[in-house]
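Participant: need coordinates for the below:
(one chain, ligands or ions: 2)
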Amino acid sequence: MTGGCFCGRIRYEVTGQPFNSTICHCEDCRRAAAAPLVACFSVSRREFRLTRGTPKGFASSAWGTRSFCPDCGTHLTFVHSELPDEIDVTTCSLDSPELVPPTDHVRTAKSLPWIHMADDLPKHPGRRQPV
Ligand SMILES: [Zn+2]
Ligand SMILES: [Zn+2]
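Facilitator: Numbers count the residues shown, from 1 in each chain. Ligands and ions are numbered 1, 2, ... in the order given. Below is the predicted model:
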């Protein structure tokens, strides 16, 4: 799968199988994307490769680094310091986001009061419990 930012300066390729495809309701994702919810999925770090450009990194918390396009601002990835072998990719930066549907919601305790979810996906108030 391929994806990139809105303006095209940053392009990437995902070669592995996505996992933990979710919709995150946390405040950090909300503010980084200026959107009420953010769909993202995880993939092994070695199965994610930039093919054009270099995103700008931003330490959005003590444990996480986000990246975005320095030109158009599209939010692209998140890496958790405790999970350095994984990278979270924003589903809607994919060229075909329909290929990676979400399988649950996380951090719903932080959801905005005017968000009403009508799907049947599992809803986790906090982080997803390890399987
Ligand atoms: Zn861009
Ligand atoms: Zn989040």
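Participant: what parts of the chain come near ligand 2?
Facilitator: Within the chain, the positions adjacent to ligand 2 are 24, 26, 29 by CB under 5 Å from the ion. From N, CA and C alone the C-beta is placed, and that goes for glycine too.
Participant: next, count neighbours for the nearest residue to the second one once chain neighbours are set aside.
Facilitator: On the basis of CB to CB, 6 or more residues apart in numbering, the spatially nearest residue to residue 26 that is not a chain neighbour turns out to be residue 107, at 4.0 Å. In terms of burial, residue 107 registers 22 neighbours under the definition other CB atoms under 10 Å.
Participant: now do the contacts for residue 107.
Facilitator: 24-26, 29, 124-127 (CB atoms under 8 Å, 6 or more residues apart in numbering).
Participant: about what we covered before: drop anything exposed from the residues of the chain next to ligand 2.
Facilitator: The neighbour count (16 or more other CB atoms under 10 Å) marks 24, 26, 29 as buried among these.
Participant: in helices, which of the residues you listed fall?
Facilitator: Judged by DSSP state H, those include residue 29 as members of helices.
Participant: let's have the buried ones among the residues of the chain next to ligand 2 in TSV, adding distance to residue 88 and pLDDT.
Facilitator: Putting these into TSV (distance: CB to CB, whole Å; pLDDT from 0 to 100) gives the following:
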residue	distance to residue 88	pLDDT
24	9	97
26	12	95
29	9	95
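Participant: and which of the buried ones among the residues of the chain next to ligand 2 is nearest ligand 1?
Facilitator: Using CB to the ion, residue 29 comes nearest to ligand 1 of these, at 18.6 Å.
Participant: now do the contacts for the closest one.
Facilitator: Per CB under 8 Å, 6+ apart, neighbours of residue 29: 37-38, 40, 78, 107.
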